[in-house]
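Asks: show me how the following folds:
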Amino acid sequence: MENHVRPHRSLLTAAAVSGLLLVTACGSADPAGSGKAGGLNPPDLKAPTALGEAEGEVNLIAWAGYVEDGSNDPKVDWVGAFEKQTGCQVNTKTAATSDEMVSLMKTGAYDAVSASGDASLRLIASGDAAPVNTALVPNYADVFAGLKNKDWNSVKGVAYGIPHGRGANLLMYDTDKVKPAPDSWSAVFDKAAAHSGKVTAYDSPIYLADAALYLKATKPELGIENPYALDRKQFDASVALLKEQNAHIGEYWSDYLKEISAFKSGDSVVGTSWQVIANLAKAEGAKIDAVLPKEGSTGWSDTWMVSAKAKHPTCAYKWLDWIVSPKTNAQVAEYFGEAPANAKSCAETADKNHCATFHATDEGYWKQVHFWTTPIEQCLDGRTDTRCVPYAKWVQAWNEIKG
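Replies: From the prediction side, this is the model:
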């Protein structure tokens, strides 16, 4: 991995949660996970059936590193060719958090957003994101099947966006200090005391799902099926586990550069990380390794969504098709440090090992990853006889945990 990779997700999932608390129950989720976000009853919005003339510009909200025009690095530019080819001038607002993205989308001033799974259902429920006609995005045909029609980007079989890429949250450890090599999240939970003060964890309310996933494997009596669908008992157990862990945390991280620095200095020896961080830390001399633990992991898959109030819908659709075209999607995946969404992108990466490193084509690997999805009161695991704890409560609990 080259050192120009910049996964700037500082507090990527920090969040307020207006809009999802009032969604009404309607049917149940699909327990098989084919993507019906059960309980969501979004406004009846229609996707366009055809595109008009390009409007001359498009206003985007994006994570840093997703819309590069050469101003950060002259060698990194996939916007210039898009503007030349389509006549759509790209105006980008870089957002630091999912909450900021949700707020910006409510203004109606933006045409599209690269939403993570902790924001996407909020945008759908509030009517700020419209359904997407995938037939108007030709490159969608080559997006990996494992990213289509999922809980975080569709409702009842209706697509609300175009998948951008994906990444897993891994267990990273110091190979000198943590022996034997861990293969379980127990290293940061039940066995955290062994490295007390040098354990690190991702700084976000969505990290509650990591605790829930561990409890799914180790406390089957809790009956956890989906780490984003927690009833009160399951939620309380997850919070309790994180409060126990807190005593052993040296620092919570949101800035990937700080995590690399902490592992290099020895201030952190075990904790949550991303593949790109592991690559960079190794390149900088840190004695680390990273593993997808036996319990599986959480992860992210970002989705390009179109505003229900888009003033430049044709240019927005042209952008959606461009960003998942093979060459462009390969450029973004390498620059940001993630697996591309387009299966044809693997032939286009500069580093011919990129897709192998990031497990891009390994669907068995991704089946072990539970992608960030906004928790809502209507349980995403299909239960209709109980209410699950919504994201607003996750935010409150996270503040208490860190207390």
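Asks: which residues belonging to the helix or strand where residue 215 lies are considered buried?
Replies: Per DSSP states H and E, residue 215 falls inside helix 208-218. Residues of helix 208-218 classed as buried: 208-216 (neighbour count, 16 or more other Cβ atoms under 10 Å). Where you see a C-beta, it was placed from the backbone N, CA and C, and this is true even at glycine.
Asks: so what's the residue of the chain most remote from its centre up against?
Replies: Most distant residue from the mean C-alpha position of the chain: residue 53, 32.6 Å away (Cα atoms, centre = their mean). Counting by Cβ atoms under 8 Å, 6 or more residues apart in numbering, residue 53 touches residue 314.
Asks: can you give me the strands for the protein?
Replies: All strands of the chain, identified by DSSP state E, fall at 57-62, 89-94, 112-115, 129-130, 154-155, 158-159, 162-174, 199-202, 249-253, 270-274, 288-291, 297-307, 339-340, 369-371.
Asks: got those strands as TSV, with mean pLDDT, distance to residue 240 and mean neighbour count columns?
Replies: Converted to TSV, the strands of the chain look like this (pLDDT from 0 to 100; distance: least, Cβ to Cβ, whole Å; neighbours: other Cβ atoms under 10 Å):
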stretch	mean pLDDT	distance to residue 240	mean neighbour count
strand 57-62	98	36	22
strand 89-94	97	37	16
strand 112-115	98	31	29
strand 129-130	98	35	26
strand 154-155	94	32	22
strand 158-159	96	38	19
strand 162-174	97	21	25
strand 199-202	97	15	24
strand 249-253	96	15	20
strand 270-274	96	19	25
strand 288-291	97	26	19
strand 297-307	96	19	25
strand 339-340	98	34	28
strand 369-371	96	20	23
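Asks: got JSON lines for those strands, with distance to residue 259 too?
Replies: As requested, the strands of the chain are arranged in JSON lines below (distance: least, Cβ to Cβ, whole Å):
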{"stretch": "strand 57-62", "distance to residue 259": "22"}
{"stretch": "strand 89-94", "distance to residue 259": "21"}
{"stretch": "strand 112-115", "distance to residue 259": "22"}
{"stretch": "strand 129-130", "distance to residue 259": "31"}
{"stretch": "strand 154-155", "distance to residue 259": "32"}
{"stretch": "strand 158-159", "distance to residue 259": "34"}
{"stretch": "strand 162-174", "distance to residue 259": "8"}
{"stretch": "strand 199-202", "distance to residue 259": "7"}
{"stretch": "strand 249-253", "distance to residue 259": "4"}
{"stretch": "strand 270-274", "distance to residue 259": "6"}
{"stretch": "strand 288-291", "distance to residue 259": "10"}
{"stretch": "strand 297-307", "distance to residue 259": "16"}
{"stretch": "strand 339-340", "distance to residue 259": "20"}
{"stretch": "strand 369-371", "distance to residue 259": "20"}
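Asks: which stretch among those strands comes nearest residue 231?
Replies: Of all these, strand 369-371 sits nearest to residue 231, with 17.0 Å by Cβ to Cβ.
Asks: what are the contacting residues of the closest one?
Replies: 117, 150-152, 166, 168, 209, 213, 226-228, 292, 296-301.
Asks: and if we set it to 10 Å?
Replies: For strand 369-371, contacts defined as Cβ atoms under 10 Å, 6 or more residues apart in numbering pick out 33, 116-118, 146-147, 150-153, 166-170, 209-210, 212-213, 216, 226-228, 292, 296-302, 359.
Asks: so what's the residue count around residue 223?
Replies: Residue 223: 12 surrounding residues under other Cβ atoms under 10 Å.
Asks: how much space separates it from residue 237?
Replies: Taking Cβ to Cβ, to the nearest Å as the measure, residue 223 falls 11 Å from residue 237.
Asks: I'd like to know which of the buried residues of helix 208-218 is nearest to residue 174.
Replies: The closest of these to residue 174 turns out to be residue 210 (Cβ to Cβ; 19.7 Å).
Asks: per-residue confidence at that closest one?
Replies: Looking at residue 210, its pLDDT reads 98.
Asks: for the stretch 301-403 of the chain, what spans make up the helices?
Replies: For the stretch 301-403 of the chain, helices defined by DSSP state H, counting those that start in this stretch occupy the ranges 313-323, 326-336, 354-357, 363-366, 391-402.
Asks: before we move on, back to that, the helix holding residue 215 to strand 270-274, inter-axis angle?
Replies: 120 degrees (axes from the mean of the first three to the mean of the last three Cα atoms, to 10 degrees).
Asks: export helix 208-218 as CSV, just CAs?
Replies: Extracted in CSV, the C-alpha atoms of helix 208-218 (Å, rounded to 0.1, in the frame of the first residue of the first chain):
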residue,chain,number,x,y,z
LEU,A,208,-21.4,-1.4,20.3
ALA,A,209,-22.1,-3.8,17.4
ASP,A,210,-18.5,-5.2,17.9
ALA,A,211,-19.4,-6.1,21.5
ALA,A,212,-22.7,-7.6,20.4
LEU,A,213,-21.0,-9.7,17.7
TYR,A,214,-18.6,-11.1,20.4
LEU,A,215,-21.5,-11.9,22.7
LYS,A,216,-23.4,-13.6,19.8
ALA,A,217,-20.6,-16.1,19.7
THR,A,218,-19.8,-16.4,23.4
